[in-house]
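Asker: what would the 3D arrangement of this be:
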Amino acid sequence: MAALTIRDLLEAKGKRQLAYVQVAREEEAIAASQAGMDMIGTAFIPERAHFARAVPDTHFQFGMPWGKHADATEVLRDAMAAMQAGAQSIYCGMSPSVVEALAREGVPVICHVGLVPPKATWTGGYRAVGKTLEQARMVWRQVQDFEAAGAFAVEMEVVTANLAAEISRRTSMLTISLGSGGGCDVQYLFSADLLGENRGHVPRHAKTYRNFAAERDRLQAERVAAYKEFIADVSSGAFPEADHIVKMDPDALQGVWRHDV
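Answerer: Numbers count the residues shown, from 1 in each chain. Sure, this is the predicted structure:
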């Protein structure tokens with residue numbers, strides 16, 4: 001199946017919920033694509049630049065790391081490189097003026113409202129946004145500004161669910177819910193939360209489907225045990241065994257020591 005285009009994503013708005021996952025490893029991207037994920041994303045950093053090519057049948061988004069770029073020109077340069085690397089869309093958590101600069105050049109942009117972690121101090125820290133009339137109006141105003149700037153989608157992170165649902169009905173943008181309820185067009189989770197790789201705190205909005213942390217603990221214990229067995233074999237002379245080595249012909253070996261050869 002071909003990757004969903006921007007047009008495909010927008011045509012799905014209001015018709016069906018899309019599934020979207022943020023990955024950190026190539027094998028996660030491949031697994032998500034094989035599972036039938038609609039959208040896959042990751043940060044656009046050198047060690048992940050090849051991820052999009054590994055999953056050509058899935059809509060792939062590269063995110064511009066927040067704080068890396070000083071102005072729209074720097075973002076546009078990286079966004080163009082990300083598109084060349086195979087991305088179908090770009091996440092940008094910067095201002096509407098930066099989003100406008102990208103959109104003007106034809107870059108499909110996902111913007112971000114609600115709890116934006118690097119800017120969380122402005123909304124009271126790591127908590128839901130939109131509980132008060134003032135905050136709700138702020139979120140709605142930001143959505144309108146980003147829509148006017150040309151973004152095709154908006155990530156709404158931990159926005160109150162009923163507010164997010166109302167906004168979704170009032171904007172032409174694709175709405176992406178990260179902890180903002182089922183009234184948006186796309187449901188979004190981080191792979192680390194979905195697979196249960198985190199220890200300790202798990203975000204309230206995340207649903208964990210596996211316990212990879214326990215599996216990694218088991219594998220780590222197996223690594224330690226294997227290393228201990230290797231050390232013991234080296235100490236006792238049990239390693240290497242005959243199957244692990246190659247010998248030269250004994251007669252030829254003797255010739256090494258004869259000076260008349």
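
Asker: can you give me the buried ones in the helix or strand hosting Arg53?
Answerer: For Arg53, the element it lies in under DSSP states H and E is helix 51-54. Residues of helix 51-54 classed as buried by neighbour count (16 or more other CB atoms under 10 Å): Phe51, Ala52. C-betas here are computed from N, CA, C, even on glycine.

Asker: for that helix, packing partners?
Answerer: For helix 51-54, the contact count by 3 or more CB pairs under 8 Å, 6 or more residues apart in numbering; DSSP states H and E identifies helix 26-35, strand 59-63 as packing neighbours.

Asker: for Leu4, find the nearest of these.
Answerer: Nearest to Leu4, of all the helices and strands packed on helix 51-54, is strand 59-63, at 4.3 Å by CB to CB.

Asker: mean confidence for that closest one?
Answerer: Along strand 59-63, the predicted confidence averages to a pLDDT of 98.

Asker: count of neighbours near Ala79?
Answerer: The burial count assigned to Ala79 is 27, neighbours taken as other CB atoms under 10 Å.

Asker: then Glu157?
Answerer: Residue crowding around Glu157 was assessed by other CB under 10 Å; the count is 23.

Asker: beta partners for it?
Answerer: Gly114, Leu178 (DSSP bridges).

Asker: you'd agree it is up against Gly114?
Answerer: Yes. Counting by CB atoms under 8 Å, Gly114 is a contact partner of Glu157 at 4.4 Å.

Asker: what sits in contact with each of these two?
Answerer: With contacts taken as CB atoms under 8 Å, 6 or more residues apart in numbering, Glu157 and Gly114 have Val129, Ser180 as neighbours in common.

Asker: quick revisit: what pLDDT, on average, does the helix holding Arg53 get?
Answerer: Averaged across helix 51-54, pLDDT comes to 97.

Asker: do stretch 123-130 as well
Answerer: Mean predicted confidence for stretch 123-130 is 90.

Asker: so where do the helices sit in the protein?
Answerer: 6-11, 26-35, 51-54, 72-84, 96-104, 133-149, 161-170, 191-194, 212-236, 250-257 (DSSP state H).

Asker: distance to Ala242 for those helices - can I get that in JSON lines?
Answerer: JSON lines is the format used below for those (distance: least, CB to CB, whole Å):
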{"stretch": "helix 6-11", "distance to Ala242": "61"}
{"stretch": "helix 26-35", "distance to Ala242": "37"}
{"stretch": "helix 51-54", "distance to Ala242": "42"}
{"stretch": "helix 72-84", "distance to Ala242": "54"}
{"stretch": "helix 96-104", "distance to Ala242": "64"}
{"stretch": "helix 133-149", "distance to Ala242": "69"}
{"stretch": "helix 161-170", "distance to Ala242": "67"}
{"stretch": "helix 191-194", "distance to Ala242": "45"}
{"stretch": "helix 212-236", "distance to Ala242": "14"}
{"stretch": "helix 250-257", "distance to Ala242": "15"}
